[in-house]
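Student: based on what follows, work out the 3D shape:
(chains A, B, C and D)
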Number of protein chains: 2
Amino acid sequence: MRKSALSREEMLDRLLEVFRQKGFEGASLVDLMQATSLQKGSLYHHFPGGKGEMAEAVLAHVERLFEAMVFAPLREATTAANGLAAMSRALESYFASGAKVCLPALMGLGASRDQFGAAIEGFFERWIDTLAETLAKDGMPAEQALFASEQMVADIQGGIVLARALGRTEPFLRALGRVRAPTAGAE
Amino acid sequence: MRKSALSREEMLDRLLEVFRQKGFEGASLVDLMQATSLQKGSLYHHFPGGKGEMAEAVLAHVERLFEAMVFAPLREATTAANGLAAMSRALESYFASGAKVCLPALMGLGASRDQFGAAIEGFFERWIDTLAETLAKDGMPAEQALFASEQMVADIQGGIVLARALGRTEPFLRALGRVRAPTAGAE
DNA sequence: CATACATTACCGACCGGTCGGTATGTTAAG
DNA sequence: CTTAACATACCGACCGGTCGGTAATGTATG
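Tutor: Numbering: from 1, shown residues only, chains lettered A, B, ... in the order given. You can find the predicted model right below:
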């Protein structure tokens, strides 16, 4: 068997970057070829289902990344404050302080939601649930923890929207600050 | 002069709906033709600049809609609570309880940001500024009002992201509830 | 009132280019 | 010498955009 020039992880990383910058509809095969340094036939060798399969694989890749960078630290944290701090740190680097976009959010807003709804839904459900379990470590009642988690994720996603729209990173960084802060948040 | 079958407002409304559902890249001229019941040549008669000019006009249209439905009520409100309630009501209907998307946000996240950055930035800046002025009516210091406004808009936008991603309207409705609630929010 | 004319809305065929996708190799490592 | 990785030539469909033309309306003129 001939060895692959690019590991599958590396491939998914590069494809992810294209989808993040251009969205599903906006990303052309030429874009994906250039990003991976692969010709069309080679791309279809790895992803016989074409662009759709690439996006599906990339979404699963994003969920794995989050599992390692965000969800696991949340679960392993002994206190809610520690977990929130770890999440905040991870998000700041993954989203490049708000300059880069959340692919599941972008695809959820657009028409690609129809095709990839399950993966998108799973991603956010897992994020919110894991976060709620972390908040419950401080004794917060389950229902309240769920609402507070939903609010945090909404605040973060809105922070990304504003950061991108305004061309400034501060709205995102302030949203992260609110997540870390013990005072603000749910009543 | 021949009278137009569709008023320009009606035209922009229908184009807006297409861009909201498919995004800028995803909306094809055929889609836009079907939505307006106009042939290609007619569309180019009204928008010589093509799809780009249509999107530009639609963004301006959205800002006018918000001016009438959201900004004006905010300015005219005598108390912050009244203004927030009016905004909340307007947003719930405009976003169809979270089922429909915010076009400036969608375009800001995608690649179309490069082309329409100014309009997108203006929209959100105006929203946040108008909201901050409303909060200042209750005596909130200017800087704090600006941060609180930014948080509210972020929370709402995040609510839309989550509502779309999860296929449920509740995350958006709860975000609106937080905006209306006097207790929660900025510390 | 009639009619000529300018103006504008609208139409649909057509353009070159790019789209996503496929079929058929060629290369190289086990 | 099999098999996976990679490459290339090619396809029909669709893309955004252009263009020559037609139909309907307002206005100026007689």
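
Student: can we go C-alpha only for contacts and neighbour counts from here?
Tutor: Will do.

Student: residue nearest the middle of chain A, spatially speaking?
Tutor: Centroid-nearest residue in chain A, with CA atoms, centre = their mean: residue A:102, separated by 4.8 Å.

Student: so who does that residue touch?
Tutor: Neighbour list for residue A:102: A:20, A:95, A:157, A:160 [criterion: CA atoms under 8 Å, 6 or more residues apart in numbering or on different chains].

Student: so which of those residues wins on neighbours?
Tutor: residue A:160 (33 neighbours; other CA atoms under 10 Å in any protein chain shown).

Student: how much space between it and DNA strand D?
Tutor: Noted for residue A:160: a distance of 27 Å to DNA strand D, by CA to the nearest atom of the strand, to the nearest Å.

Student: go ahead and confirm that residue touches residue A:103.
Tutor: No. Residue A:160 is beyond contact range of residue A:103, at 11.3 Å (criterion: CA atoms under 8 Å).

Student: residue boundaries of the strands in chain A?
Tutor: Here chain A has no strands by DSSP state E.

Student: how about the residues of it by DNA strand C?
Tutor: By the rule CA under 7 Å from any atom of the strand, the part of chain A lying against DNA strand C is A:1-3, A:25-30, A:40-41, A:44, A:48-52.

Student: among those, which ones are buried?
Tutor: In these, burial by neighbour count holds for A:25-27, A:51, counting by 16 or more other CA atoms under 10 Å in any protein chain shown.

Student: of all those residues, which two lie farthest apart?
Tutor: Spatially, the most separated pair among those is A:26 and A:51, at 11.3 Å (CA to CA).

Student: per-residue confidence for residue A:5?
Tutor: Residue A:5 carries a pLDDT score of 74 in this model.

Student: ok, how many other residues are close to it?
Tutor: Residue A:5: 11 neighbours (other CA under 10 Å).

Student: can you give me the helices in chain A?
Tutor: In chain A, the segments counted as helices under DSSP state H are A:8-26, A:29-36, A:40-46, A:51-66, A:72-76, A:80-94, A:103-109, A:113-136, A:142-166, A:170-180.

Student: let me have those in a markdown table, extended by distance to residue B:86 and mean pLDDT.
Tutor: As requested, those are arranged in a markdown table below (distance: least, CA to CA, whole Å; pLDDT from 0 to 100):
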| stretch | distance to residue B:86 | mean pLDDT |
| --- | --- | --- |
| helix A:8-26 | 34 | 93 |
| helix A:29-36 | 45 | 92 |
| helix A:40-46 | 52 | 90 |
| helix A:51-66 | 38 | 95 |
| helix A:72-76 | 38 | 97 |
| helix A:80-94 | 34 | 97 |
| helix A:103-109 | 25 | 97 |
| helix A:113-136 | 30 | 97 |
| helix A:142-166 | 21 | 97 |
| helix A:170-180 | 25 | 97 |
